[in-house]
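Student: fold the following for me, if possible:
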Amino acid sequence: MIATIAELREIASRVTDPEIPVLTIADLGILRDVDMEGDTVVVTITPTYSGCPAMDAITEDLGIVFKESGYDNVRVNLVLSPAWSTDWMTESGKTKLEAYGIAPPTGTGHRGPVTLGMAVKCPQCHSLNTKELSRFGSTACKSMYQCKDCLEPFDYFKVLS
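Tutor: Residues are numbered from 1 along each chain as shown. As a prediction, this is how the structure comes out:
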């Protein structure tokens, strides 16, 4: 079976994040590359942070989706450099996050000597009147917030760059 790189990328893009199932690994920006080496599909991914527990499940899911598509030999390479950034998320992925009830990352990461607090918009009522409850939410890449207007708690996907 001979496929184009675009076709292989489309197959890999079917895999969703096990922690946020509305996002594909392409939406999340962790799908770095797909290639063929002989009869082996080689997929390169980058975790959102080192030690991310979802990488094992994503690796397994990539093997499954390629086997279902007729490719028996799949190798997944995990690369840490350059480090993943929320800048790699697609706009579609950010929209999907908000619709799912998770505030998408806004702005860019801290790059200078002064840290500025940015308002986080509630994904339920869109109010900016929110407060951080915990720097760490349901996963290490998210913080827990609460809206002061609708009182709903929600995760905020942290900006990482």
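Student: and the helices in this structure?
Tutor: Counting by DSSP state H, one finds helices in the chain at the ranges 5-12, 25-28, 54-68, 91-100.
Student: with just CA atoms, put the second one into PDB.
Tutor: When you say that, I think you mean helix 25-28. Extracted C-alpha coordinates of helix 25-28, given in PDB (Å, rounded to 0.1, in the frame of the first residue of the first chain):
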ATOM      1  CA  ILE A  25      -3.500  15.400  18.200                       C
ATOM      2  CA  ALA A  26      -3.300  17.700  15.200                       C
ATOM      3  CA  ASP A  27      -5.600  20.200  16.900                       C
ATOM      4  CA  LEU A  28      -3.500  20.100  19.900                       C
END
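Student: residue ranges with poor pLDDT in the protein?
Tutor: Counting by pLDDT under 70, the chain has low-confidence residues at 1-2, 107-117, 161.
Student: domains for it, by residue range?
Tutor: Per automatic domain parsing, the structural domains of the chain span 5-78, 89-157.
Student: so Lys131 makes contact with Tyr145?
Tutor: Yes: under the criterion of C-beta atoms under 8 Å, Lys131 makes contact with Tyr145 at 6.6 Å. Backbone N, C-alpha and C define where each C-beta goes, glycine included.
Student: which one's more surrounded, the two?
Tutor: Tyr145 (23 against 10; other C-beta atoms under 10 Å).
Student: mind checking how far the most centrally placed residue in the chain is from Gly93?
Tutor: Centroid check for the chain by C-alpha atoms, centre = their mean gives Leu28 as the closest residue, at 3.0 Å. Counting by C-beta to C-beta, to the nearest Å, the separation of Leu28 from Gly93 is 6 Å.
Student: ok, Asn77 - contacts?
Tutor: Taking C-beta atoms under 8 Å, 6 or more residues apart in numbering as the criterion, Asn77 is in contact with 42-45.
Student: switch the cut-off to 7 Å
Tutor: 42, 44 (C-beta atoms under 7 Å, 6 or more residues apart in numbering).
Student: for Thr44, the count of nearby residues, please.
Tutor: Thr44: 16 neighbours (other C-beta under 10 Å).
Student: right, and it touches Val79 too?
Tutor: Yes: contact between Thr44 and Val79 holds when scored by C-beta atoms under 7 Å: they sit 5.8 Å apart.
Student: joint contacts of those two?
Tutor: Joint contacts of Thr44 and Val79 (C-beta under 7 Å, 6+ apart) are Arg32.
Student: these two touch, right, Phe154 and Glu98?
Tutor: No: the criterion here is C-beta under 7 Å, and Phe154 misses it with Glu98 at 9.8 Å.
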